[in-house]
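>>> Compute the structure for the input listed below.
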Amino acid sequence: MSLRELARVVQTSEVTVRRDVRALEAEGLLDRRHGGAVLPGGFTRESGFPQKSHLATAEKTAIADLAANLVEEGEAIVVGAGTTTQELARRLARVPGLTVVTNSLLVAQALAHANRVEVVMTGGTLRGSNYALVGSGAEQSLQGLRVSRAFLSGSGLTAERGLSTSNMLSASVDRALVQAAAEVVVLADHTKLGTDTMFQTVPTDVITRLVTDEPPAHDDRAQTELQALADQGVQIAVAGASGSPGGDEVPARRARSVPGPRRSAPAGLRSAVLGEPVPGSERARVADLRRR
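You can find the predicted model right below:
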């Protein structure tokens, strides 16, 4: 969690927060990171949904707003589990003819009353901490599926290892979601940039696009990580959020891109980007998944 976010939550200055963080680290109650702090055992520890849902709320809203612009009418996509993807799902309810395949109960719930959106749930075992379906049942139900895009989030993102998470079962399902998509879009706020966790889900060279928020000016780690990702060919869209977290208003948005080398796209991705048919029938495969 960044010092800025901590200061906002406890309603004090970053100077005071920085002093208190040093004291808590001395007692072994947390680990300091550049520009923030994490609980001890950062590679394996994972916060539950109640904690995650209150972190970086304004940033997640801005990211979801920007990511929703990538989704087109009549498209078939997969959406993974997470609080940021849940925010995205709320904005997808107004996209007509959309088919969403997901292993997340929260994503499905957000789209439950969207008359023009078809929701297909994977099978699997419920993981209560993040309301996601995991295990062999979830992975097997995704076999043979092909969609245009996968929207995923995770616990950490680095240029060296890509997207990662703290849970082995969640990582396995996320890999299966990636295999089903021609293009992979990662949604990650700045607090996850430069953070590495135990299980890799999406290698950097597989990530097509990153949608994130503007890191604080003093957060050199996040800025460096963004440039390193761009240098490896990841397309980066940065949404700027303003407004108070938890408010009813949608924060103002602006987007910028981080320059990097162009990376040749696989044939399936080129077809999706250029508007040509993606090999195979997306609708037929989605229907086959639903019959299972």
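
>>> lowest confidence element among the helices and strands of the protein?
helix 267-274 (a mean of 38; mean pLDDT, DSSP states H and E).

>>> which residues sit in contact with the nearest residue to residue 91 once chain neighbours are set aside?
Leaving aside its chain neighbours, residue 91 sits nearest to residue 68 (3.9 Å; criterion: Cβ to Cβ, 6 or more residues apart in numbering). C-beta here means a position set from N, CA and C on the backbone, and glycine is covered the same way. Listed by Cβ atoms under 8 Å, 6 or more residues apart in numbering, the contact set of residue 68 reads 88, 91-92, 95.

>>> Who wins on neighbours among the residues you listed?
Neighbour counts for these (other Cβ atoms under 10 Å) peak at residue 88, which has 29 neighbours.

>>> and residue 64, how many neighbours does it have?
The number of residues packed near residue 64 is 24, by other Cβ under 10 Å.

>>> what helix or strand is it on?
Per DSSP states H and E, residue 64 falls inside helix 57-68.

>>> Show me which positions of that helix end up buried.
57-68 (16 or more other Cβ atoms under 10 Å).

>>> follow-up on the earlier one: which one among the contacts of residue 68 gets closest to residue 231?
residue 88 (26.5 Å; Cβ to Cβ).

>>> Now the closest one. Nearest residue, chain neighbours left out?
Closest to residue 88 by Cβ to Cβ, 6+ apart is residue 64, at 4.4 Å.

>>> wait, the one you found sits on residue 92?
No: in this structure residue 64 lies outside contact range of residue 92 using Cβ atoms under 8 Å: 9.2 Å.

>>> Give me the phi and psi for the spatially most central residue of the chain.
The residue lying closest to the centre of the chain (Cα atoms, centre = their mean) is residue 153, at 2.1 Å. Residue 153 adopts backbone torsions of phi -130, psi 180, taken as degrees, to the nearest 10.

>>> do the one 3 residues further on as well
Backbone dihedrals for residue 156, given as degrees, to the nearest 10, come out at phi -160, psi 160.

>>> For it, which non-adjacent residue is spatially closest?
residue 195 (3.4 Å).

>>> Next: residue 104.
In space, residue 104 is closest to residue 81, 3.9 Å off (Cβ to Cβ, 6+ apart).

>>> roughly how far apart are the one you found and residue 192?
15 Å (Cβ to Cβ, to the nearest Å).

>>> what about those two, which has more around it?
Between residue 81 and residue 192, counted using other Cβ under 10 Å, the more crowded position is residue 81 (27 against 23).

>>> Got phi/psi on the more buried one?
Here is the backbone geometry of residue 81 (degrees, to the nearest 10): phi -80, psi 150.

>>> Settle this for me: it is touching residue 109, isn't it.
No: using Cβ under 8 Å, residue 81 makes no contact with residue 109, being 11.9 Å away.

>>> May I see the buried residues of stretch 120-127?
For stretch 120-127, by 16+ other Cβ under 10 Å, it's 120-124, 127.

>>> do the same with stretch 228-235
Buried-residue list, stretch 228-235, by 16+ other Cβ under 10 Å: 228-230, 232-235.

>>> mind listing which of those residues are in strands?
residue 235 (DSSP state E).

>>> how about the nearest residue to residue 214, chain neighbours excluded?
Residue 214's closest residue in space is residue 240 (Cβ to Cβ, 6+ apart), at 4.7 Å.

>>> so that neighbour touches residue 216, yeah?
No: using Cβ under 8 Å, residue 240 makes no contact with residue 216, being 11.6 Å away.
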